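Chemist: Requesting a structural model of the entry that follows:
(chains A and B)
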Amino acid sequence: MTDLNRRDFLKLGLTAGSLMALGKGSHLLSNGSGKIDTETKVIILGLDGLDPHLMNMFMAQGKLPSFSRLRSQGDFKPLRTSDPPQSPVAWSNFITGMNPGGHGIFDFIHRNPETYIPAFSGTKSEGSLKTITFGNTVFPLSGGEIINLRKGKAFWQILEDHDIPATVFKMPANYPPVPSKQRTLSGMGTPELQLGHPNRFHYFTTEGAEINQDLGGGQVHDVYVIGNRVETALPGPVNMFKKDQPESQIEFQVYIDPVHPVAKIQIQDHVFILNKGEWSDWKKVRFKMIPTQSVSGICKFYLQHVGPGSIKLYVSSINIDPEDPALPISTPNSYVKELGKKFGSFHTKGFPAESAALDHGIFDESEFLALEDVVLKERKEMLDYELSRFDSGLLFYYVSSTDERQHMFWRLMDKQHPMYDQKLAEEYGKTIENIYIEADKFVDKALEKTDKDTILMVMSDHGFTSYRRSFNLNTWLKENGYHSLVNPWKAGDVGFDNTEWARTKAYALGINSLYINQKGREAEGIVNSGTEMDNLVYEIARKLEEFTDPESGEKPVLKANISKEIYQGSYSNTAPDLIIGYNRGYRASWATPLGQIPENILEDNKQKWSGDHCMASEVIPGIIFTNKKITAEAPALYDLTATILEVFGIEKPKDMIGNSIF
Amino acid sequence: MWIFNTIIGTIFKILFLPFQNMSPWIGMIFVSLLTGLLMLFIYKYTSNQEGIRKIKNKIKAHLLELRLYKDSLSISFKAQGSILRANLKYIGYSSKPLLVMIIPVILILIQLNFWFAYDSLKPNQSTLLRVQLNDGVPLLDTQVEIKAGSGIVLETPPLRITDSNEINWRIRAEENGVHKIIITADGLDYTKSISVGQKDLSRISPLRTRKNFFREISYPTESPLPKNAPIKTIEISYPPRTMNFFGLNLHWLIAYFALSIIIGFSLKGFFKVDI
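Modeler: This next block holds a predicted model:
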């Protein structure tokens, strides 16, 4: 866990590392999908994070003509999001038509009550159980398995049962994709090739001393120009075929001109020249594990700076190669290969933006946006392709740029944000407005394809707001006597290394989750279940809601939800005990999800990751636009699932809690 | 040497002319058929056919002996020794035609390499132009400039690599056609052809070399640079091409040898050749 911290942990496809080399996942599926030519068709655009308040504002300003047109044809309403409004939870609500009590995803991070160790909530990997070892080489005798931990049937699986075709493009929280014959491509949660190092960029620089090398989302490599050549290596996935599991790597060379701002990069069979400030196209790289096994990935090179004796070369995180996927990212397996063949290499990892590079000051805003524009272009081209061949059943299409740009650029449209910068705001203050305008173009494409038999829904999983202040929930628990430290003068680090469990009643893990240290459930639990536990939960909830930020006078916690009051379903008993709904402007600190306990309860958010949605669900609804009147008064994400089934005349399963919005 | 290369090159151009707009496999089958036949005739008329026939019969007889007397160790050993001797004799009989074949086959392979190993550039595709100076020509003190003709755009300033005494540029092809790029070194112009958007079966010239027997043999597609030129080679990086065989990407050499051998063996009976 040493390299994992902060948001990277939240984004990671942490699990599954060993499986890449050992097996190709649990399902090699045949080609094909539902066969019925449906009279009614459904197109759903999933535009992550579009906010109803901004939407109303931009529509009133006439900046979103396609959204306005869609609203006039049908309806537009805020869409109730999940509790908590985190992407994997929210999209799981939509996928299954249940709330977390039904699908079992309560947070980005869950915990093992026996060890208090945080674990990614979405997937679990199991390596090969049988191996043979010769010297330092390990030969697996069976394939490993990557398991999607979301429970409940996905709506496209139900459609498949009724022979209704569906294409589900980049669905978040669906890695690995659940077994289906429908065309599906996994979205958020899909790891990159360097598992365990989510969004790990590589920065090769002769000026490493100038930057903080302890980057959560990337790795700085000190390089030296000898003559006019740099000799270095690109790290790859861990080599599970070796007993000591070293990191694989590819050696490469960079040649620089003595005068001109230009460099030649030679890596495997690629030889290319970049001008200063230029990105390469995708380069396929192959990491050798043993003579007969290698893993293919794709990455881009960016020559940020080059001069006499100096260089700064950025290598993007290494994505899974769509034409030769090392991990299962689509159903059937051929779907992603088909896209790879049609479009060449494209971003396959769940969060394509290189946000860590912007956050750590490796990129400036224009560099970040340049690559983000590539992602957006890819998405537009692929939408055109999917729309052009869509003639029956359902098409779901997801766009992530709306979410990622709001995360990174909110600070430049919120003058009260600690990271607001007047000069930058003049240049990039409209980045969020611009991405809403870009989203409008996606809607326009979908509207063009919409005929009288097509229902078009445009939805987001949650809204957005400013993230100005960070709340250290574990510190609050400690200050209020619910969490005890072995060495009180020392801050608690990742994984509660300084916690005295015998005197700890509660702990926080994940962004919105709070757990009681319950006897019989937690390894070192001290709180009895029943009345003692219930009273404690109510007491903590009340105190949290009463707590006031001494600096602003505002209440950081809007609502502390008691999970057994808000969840229904078979997995409610695995839920955190409290779901903390933060007020506008507040969010759990980056230290909270992994169990760190810093000194202060509240601190300013001094990061470029400045917009967020992990607040209270009440303050952060998503959006739903349709070309049909919505009769539901307050539609929710899980209602959309029931709506899809109703449109196709399918009775909703008993465990689905939603109702049709029409 | 250039005259010889021009003649050989022209022969191949004529041979492939009818197949230019077809799948490269058609041209490959055709040339494999021709070379299969050529190898058969060389073998027939340069080898001791009678000797080969006899020695093969002898090997067969000893193999039979091995099977029949497998219980007798001494006979088996003797038979194995005889097979070994016969094989050596067989290799001796084959070496003469192989020696005769080796030169034409190498020349054929060199020619085929430029028809099957590379794809021409696509419009708007970027690639690397590499100019290597002669040993002893000071890289940083030599004025080398490039003039991209129509259809070619220069995308980078020169990148000079002293280790290998070479200068690299990135160029981009804009229009279909066979373009010329002019490299000026020490006040003299040297040209290099660049193929863009050519037909499926067309000859690609990745490298133009300075006068030198072995390099001229190896790169016969363009006239050599003058012997006193400061430039050793001018090279364009073309994308490598493979032969697609039911989804399997084969190197052209594998396809060529497989086809030639299949064709040669299929026709040896018809032409009464003992191999």
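Chemist: Near chain A, which residues of the stretch 51-200 of chain B? Just list them.
Modeler: B:126, B:128, B:140, B:155-163, B:168-170 (CB under 8 Å from any CB of the partner chain). (Glycine included, C-beta is placed from N, CA and C.)
Chemist: the helices in the stretch 151-275 of chain B, which residues?
Modeler: Ranges of helices within the stretch 151-275 of chain B are B:213-218, B:252-267, based on DSSP state H, counting those that start in this stretch.
Chemist: okay if I get those as TSV plus mean pLDDT?
Modeler: Supplementary listing: those in TSV, determined by pLDDT from 0 to 100:
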stretch	mean pLDDT
helix B:213-218	88
helix B:252-267	92
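Chemist: on that earlier part again, now list the buried members of the residues of the stretch 51-200 of chain B next to chain A.
Modeler: B:Ser126, B:Leu128, B:Glu155, B:Thr156, B:Pro158, B:Leu159, B:Arg160, B:Ile161, B:Asn168, B:Trp169, B:Arg170 (16 or more other CB atoms under 10 Å in any protein chain shown).
Chemist: What's opposite the closest residue to the fourth one other than its chain neighbours in the beta bridge?
Modeler: Spatial nearest neighbour of B:Thr156, excluding adjacent residues (CB to CB, 6 or more residues apart in numbering or on different chains): B:Arg170 at 4.4 Å. With DSSP bridges as the criterion, B:Arg170 is bridged to B:Leu128.
Chemist: and what of A:Val285?
Modeler: Using DSSP bridges, the bridge partners assigned to A:Val285 are A:Gly297.
Chemist: which bits of chain A sit near chain B?
Modeler: Counting by CB under 8 Å from any CB, chain A sits next to chain B at A:227-229, A:255-258, A:260-264, A:271-275.
Chemist: Report the buried members of those.
Modeler: Buried members of the residues of chain A next to chain B, counted by 16+ other CB under 10 Å: A:228-229, A:255-257, A:260-264, A:271-275.
Chemist: Using PDB, write out every CA atom in stretch A:451-468.
Modeler: Only the C-alpha atoms of stretch A:451-468 are listed here, as PDB (Å, rounded to 0.1, in the frame of the first residue of the first chain):
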ATOM      1  CA  ASP A 451     -37.000   9.300 -34.400                       C
ATOM      2  CA  LYS A 452     -40.500   9.000 -33.100                       C
ATOM      3  CA  ASP A 453     -39.900   5.500 -31.900                       C
ATOM      4  CA  THR A 454     -36.800   6.400 -29.900                       C
ATOM      5  CA  ILE A 455     -36.700   7.400 -26.300                       C
ATOM      6  CA  LEU A 456     -33.700   9.600 -25.600                       C
ATOM      7  CA  MET A 457     -32.500  10.100 -22.000                       C
ATOM      8  CA  VAL A 458     -29.600  12.300 -21.000                       C
ATOM      9  CA  MET A 459     -28.600  11.700 -17.400                       C
ATOM     10  CA  SER A 460     -25.900  12.300 -15.000                       C
ATOM     11  CA  ASP A 461     -25.100  10.300 -11.900                       C
ATOM     12  CA  HIS A 462     -24.700  13.400  -9.600                       C
ATOM     13  CA  GLY A 463     -24.200  17.100  -9.700                       C
ATOM     14  CA  PHE A 464     -21.200  19.100  -8.700                       C
ATOM     15  CA  THR A 465     -20.200  21.800  -6.200                       C
ATOM     16  CA  SER A 466     -17.200  23.500  -4.800                       C
ATOM     17  CA  TYR A 467     -14.900  21.600  -2.500                       C
ATOM     18  CA  ARG A 468     -13.300  24.300  -0.400                       C
END
